[in-house]
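Enquirer: this one's structure only:
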């Protein structure tokens, strides 16, 4: 697959569609459900709370937060599905998962529903089963009397490769920084380079050390120590940081806002958001090119 500046940015290859409240409230189909044992969001007094969503109080907002967290975890698990899509010669695929948050706060009864792309359904089911063994206990849904109950969910999954026409940046370049990883005292830069390869460097006080060539971002994500660092990332991922025209900038991409780059100014140790620009414009236009050209 030809490298495209929109595709090369880590968070743009995968889009997992957030589940809709109307779909959450339905009983899943294709699986035997006992109404006395399993409830929908509409039937419970208090929604199940995914770790990190405790600040939400409205049921619909808790549903949205729950869905987004599961989607983000699936996103991190399914990067290699781009290879399958290339093999199948498709640009998008969809599937639907169903699962239950049981009264003990565990994800159970995880199955892919019929319909949609079979390969994505199988990959998503496997990924969610892995996630179920890794996440912290979820606070279960509660009835009016405070009794914990099993809660049934459906989650649509959509995987899409953005097929924008490749464009060259409007400036001269040989290598551009795509991602900066920090771990303790180590700093790694992942760069896109000509001709259509990725390079990894360790940045030290004495300069830089070349660590290797890679054909795809996925290869890097699956290689240690980068794999462990990626797995520990939260919503934001640092693209680069540096001084330009007397201002120190930090530039991030985000799982929550996959189409834009977030530009921050750093003053006295405090970050202040200056603007958001599209991923494509960030790499094509010269405005911040000084910070990413190597």
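Expert: Alright, I've got the coordinates. It should be emphasised that the depicted structure is a prediction, and the values quoted were computed from it without experimental measurement.
Enquirer: Sketch out the low-pLDDT regions of the stretch 51-200 of the chain for me.
Expert: By pLDDT under 70, the weakly predicted segments of the stretch 51-200 of the chain are 162-166.
Enquirer: And the helices in it, which stretches?
Expert: 59-77, 81-88, 118-134 (DSSP state H, counting those that start in this stretch).
Enquirer: Residue 191 pairs with what?
Expert: residue 177, residue 199 (DSSP bridges).
Enquirer: dump the residue contacts of it.
Expert: Going by C-beta atoms under 8 Å, 6 or more residues apart in numbering, residue 191 touches 175, 176, 177, 178, 198, 199, 200, 201, 294. (C-beta placed from N, C-alpha, C; glycine too.)
Enquirer: Quickly check those residues for the two that are furthest apart.
Expert: 176 and 200 (13.5 Å; C-beta to C-beta).
Enquirer: circling back: mind giving me the PyMOL select for the contacts of residue 191, buried ones only?
Expert: Only the buried entries of the contacts of residue 191 go into this PyMOL selection, using 16 or more other C-beta atoms under 10 Å:
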select buried, resi 175+176+177+178+198+199+200+201
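Enquirer: Now the contacts of residue 191 in TSV, please, with extra columns for distance to residue 215.
Expert: Formatted as TSV, those follow (distance: C-beta to C-beta, whole Å):
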residue	distance to residue 215
175	16
176	17
177	18
178	14
198	7
199	11
200	12
201	17
294	19
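Enquirer: between the contacts of residue 191, which is closest to residue 96?
Expert: residue 178 (31.9 Å).
Enquirer: Help me confirm that the closest one comes into contact with residue 193.
Expert: No - using C-beta atoms under 8 Å, residue 178 makes no contact with residue 193, being 10.0 Å away.
Enquirer: So which of the helices of the stretch 51-200 of the chain has the densest surroundings on average?
Expert: helix 59-77 (a mean of 19; mean count of other C-beta atoms under 10 Å).
Enquirer: picking that back up, now the helices of the stretch 51-200 of the chain in a markdown table, with distance to residue 205?
Expert: Below are the helices of the stretch 51-200 of the chain laid out as a markdown table (distance: least, C-beta to C-beta, whole Å):
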| stretch | distance to residue 205 |
| --- | --- |
| helix 59-77 | 31 |
| helix 81-88 | 36 |
| helix 118-134 | 36 |
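Enquirer: and residue 213, which of those helices is closest to it?
Expert: Comparing those under C-beta to C-beta, the one sitting nearest is helix 81-88, at 18.2 Å.
Enquirer: packing partners for that closest one?
Expert: Under the contact criterion of 3 or more C-beta pairs under 8 Å, 6 or more residues apart in numbering; DSSP states H and E, helix 81-88 touches helix 118-134.
Enquirer: can we see that at 10 Å?
Expert: The contact analysis (3 or more C-beta pairs under 10 Å, 6 or more residues apart in numbering; DSSP states H and E) places helix 81-88 against strand 92-101, helix 118-134, strand 148-160, helix 217-221.
Enquirer: nearest to residue 280, of the helices of the stretch 51-200 of the chain?
Expert: That would be helix 81-88 among those, by C-beta to C-beta, at 18.4 Å.
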